[in-house]
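[1] model the following, please.
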Amino acid sequence: MFEFLRHDITFPLYVEVDEIYNLACPASPIHYQNDPVQTTKVNVHGSINMLGLAKRTGARILQASTSEVYGDPDIHPQGETYCGSVNPIGIRACYDEGKRCAETLFFDYRRQHAVRIKVARIFNTYGPRMHPDDGRVESNFIVAVLSGKPLTVQGDGSQTRSFCYVDDLIDGLLSLMHTEDSVTGPVNLGNERETTILELAQLVRHLAGSGCAIQKCPLPVDDPRRRHPDLTLARSTFDYRPGVGLEDGLLRTIAYFRELLEDRTVSRLARPRLRRA
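    Numbers count the residues shown, from 1 in each chain. Below is the predicted model of the structure:
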């Protein structure tokens with residue numbers, strides 16, 4: 001049986017559950033920086049409430065953490081033993097430090113209350129059903145290229161990310177959740193192919209069949225220079241092997257956005273127009 005509840009996890013929740021996937025939190029910088037206090041509350045108060053629910057029900061609980069806990073990393077690729085290089089007072093800290101505090105809470109609840117935890121550190125996920133105004137680079141580029149607008153690359157475009165298609169991420173989350181209770185993580189989940197932002201812009205433009213311009217703007221504060229997951233632990237623990245290549249994943253995502261934007265255009269044109277008196 002499936003039941004949908006609309007609930008703010010910064011308030012306690014009283015339900016009966018077997019498994020909890022704590023995925024709540026905006027993940028795009030423009031969204032989480034828009035209300036940094038609430039972002040921190042979701043990560044901290046929300047985690048406390050969900051951990052309390054897991055403690056009461058005996059449920060397994062999985063925390064969707066993030067590669068952002070590594071900050072602007074000094075080692076490459078990033079393995080789970082790396083403690084990160086994060087600015088605790090920067091504009092991204094509400095998300096970075098919020099997720100780091102959530103991980104702390106998860107492990108303290110395990111040590112103090114024997115809660116059955118799993119922690120996944122997620123690297124740059126993309127795919128169909130992203131919001132057109134999501135604000136992350138993948139959707140930004142695709143919506144721009146399909147709208148005939150220039151692609152805006154921050155900085156010189158040499159900063160890297162490792163983009164993981166949503167199906168591969170879900171497979172990793174499910175596999176991690178169903179490991180033995182002794183497997184807690186944190187475990188990196190993502191794709192090991194490292195791509196510069198400029199390369200991504202050129203690839204999106206090519207796959208969409210567009211000749212639109214690529215323009216550059218200043219790099220945001222504290223933007224990580226490199227991001228590349230070490231997946232050794234995930235491979236050895238539950239044979240995690242992402243199977244969707246970047247080109248294939250982008251083609252699927254471009255197709256989704258193309259249909260979405262076309263439907264919006266048709267809907268807008270079909271609206272009745274009011275005549276002037």
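
[2] so what does the longest helix along the chain touch, helix or strand wise?
    For the chain, the helix with the greatest residue count under DSSP state H is helix 246-270. Helices and strands touching helix 246-270, by 3 or more CB pairs under 8 Å, 6 or more residues apart in numbering; DSSP states H and E, are strand 125-126, helix 137-146, strand 164-165, helix 197-207. For every residue, glycine as well, the C-beta is placed using N, CA and C.

[3] tell me which of these lies nearest to residue 234.
    Closest to residue 234 of these is strand 164-165 (CB to CB; 11.4 Å).

[4] hmm, back to that, quick one: buried residues of the longest helix of the chain?
    246, 249-250, 252-254, 257, 260 (16 or more other CB atoms under 10 Å).

[5] for stretch 247-262, which outside residues touch it?
    126-130, 132, 138-139, 142-143, 146-147, 163, 165, 203-204, 207-208 (CB atoms under 8 Å, 6 or more residues apart in numbering).

[6] doesn't residue 9 make contact with residue 49?
    Yes - assessed by CB atoms under 8 Å, residue 49 is found in contact with residue 9 at 5.5 Å.

[7] give me the low-pLDDT residue ranges for the stretch 51-200 of the chain?
    Judged against pLDDT under 70, the stretch 51-200 of the chain has no low-scoring part.

[8] as a check, name the ranges of all helices in it.
    93-113, 137-146, 166-177, 197-207 (DSSP state H, counting those that start in this stretch).

[9] most neighbours per residue, which of the ones you listed?
    helix 137-146 (a mean of 22; mean count of other CB atoms under 10 Å).

[10] helices or strands up against it?
    strand 151-154, helix 197-207, helix 246-270.

[11] what's the closest of the ones you listed to residue 79?
    Closest to residue 79 of those is helix 246-270 (CB to CB; 22.1 Å).

[12] now do that closest one against helix 137-146, angle only.
    With axes from the mean of the first three to the mean of the last three CA atoms, to 10 degrees as the basis, helix 246-270 and helix 137-146 are set at 50 degrees to each other.

[13] what about helix 246-270, average pLDDT?
    In this model, helix 246-270 carries a mean pLDDT of 87.

[14] measure stretch 238-245 end to end?
    20 Å (CA to CA, to the nearest Å).
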